[in-house]
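Undergrad: what follows is a predicted structure for the sequence shown.
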Amino acid sequence: MHYLVKVVKQNDESLLGFHNDFVHVHDAQLVILDQLRSDIKALSDELAQVHDTVKNEADRLEEEGLLRKPSLDELKEQRTSVKVLHLKIPHFNQIEHETGRTSMERFTLGAAGAVGEVVRLSDTVKDNYSNLLGFFGEDESMASNEFFGTIRRFVAEFLAAAEQVEREEKAKVSLRRVLSLFN
């Protein structure tokens with residue numbers, strides 16, 4: 001590692017600050033991406049079960065005539081959005097009706113949309129992580145915490161070696177000064 005630090009110093013000292021590009025590596029080491037994705041999948045499955053339960057309850061209430069009309073506040077929960085048609089033409093004021101007949105059914109529908117977005121984002125993270133592993137020439141099955149732990153250890157060891165090299169260089173300069181006094 002000392003040799004690497006010396007080569008970097010000789011060629012481009014600005015590279016010694018590379019650790020500033022890795023400030024989030026410690027936090028990333030704490031995340032196990034596969035476990036996170038598994039937890040998201042479990043949450044999605046549990047939410048689907050809850051939705052089925054509240055849908056069945058809403059069906060029962062509707063059959064018994066016990067379902068009330070939505071209140072004004074509940075109607076305000078419906079969202080207006082801009083939809084882009086297949087020709088990439090924006091179509092304004094399309095109302096996304098959350099068709100839930102009860103507040104819980106509407107909640108589960110809204111939560112399903114949010115969880116769906118989390119699933120999409122986690123797929124993007126997984127793809128980016130796979131690309132990162134490929135960039136570093138690592139096995140695609142390498143766990144994220146293991147990869148980022150390796151990077152964190154490398155950065156720490158590099159910084160320690162850089163400090164050691166700096167101390168050695170200062171000692172050499174001091175020794176040269178002392179020797180020049182005697183010559």
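TA: Now that the structure is in, tell me what you want to look at. Residues are numbered from 1 along each chain as shown.
Undergrad: residue 147: neighbour count?
TA: 20 (other CB atoms under 10 Å). (Glycine included, C-beta is placed from N, CA and C.)
Undergrad: over to the one 3 residues further on?
TA: Neighbouring residues of residue 150 were enumerated by other CB under 10 Å; the total is 15.
Undergrad: any buried residues in the helix or strand that contains it, and which?
TA: Following DSSP states H and E, one finds residue 150 within helix 144-182. Of the residues in helix 144-182, 144, 145, 147, 148, 149, 152, 155, 158, 161, 162, 165 count as buried by neighbour count, 16 or more other CB atoms under 10 Å.
Undergrad: how far is that helix from where the chain is centred?
TA: The chain centroid and the centroid of helix 144-182 are separated by 33 Å under CA atoms, centre = their mean, to the nearest Å.
Undergrad: what's the answer for stretch 15-34, then?
TA: 12 Å.
Undergrad: ok, the residue most central in space within the chain - contacts?
TA: The structure's the chain has its C-alpha centroid closest to residue 125; by CA atoms, centre = their mean the separation is 6.0 Å. Contacts for residue 125 were tallied using CB atoms under 8 Å, 6 or more residues apart in numbering; they are residue 33.
Undergrad: ok, it to residue 100 distance?
TA: Distance, residue 125 to residue 100, using CB to CB, to the nearest Å: 30 Å.
Undergrad: what are the buried residues along the particular helix or strand that has residue 110 in it?
TA: Under the criterion of DSSP H and E, residue 110 resides in helix 103-135. Within helix 103-135, the residues scored as buried using 16+ other CB under 10 Å are 104, 105, 106, 107, 108, 109, 112, 115, 122, 129, 133.
Undergrad: for residue 101, phi and psi?
TA: phi -90, psi -20 (degrees, to the nearest 10).
Undergrad: now for it: which residues touch it?
TA: With CB under 8 Å, 6+ apart, residue 101 has these contacts: 58, 61, 62, 67.
Undergrad: okay, who's weakest in those residues by pLDDT?
TA: When the contacts of residue 101 are sorted by pLDDT, the bottom entry is residue 67 at 79.
Undergrad: neighbours around residue 140, how many?
TA: Neighbourhood size, residue 140 [other CB under 10 Å]: 8.
Undergrad: in a helix, it, correct?
TA: No: assessed with DSSP: H, G, I helix; E, B strand; the rest coil, residue 140 is coil; it does not lie in a helix.
Undergrad: correct me, but it touches residue 134?
TA: Yes: counting by CB atoms under 8 Å, residue 140 touches residue 134, with 7.3 Å between them.
Undergrad: the domain parsing of the protein - what is it?
TA: 1-32+143-183, 35-141 (automatic domain parsing).
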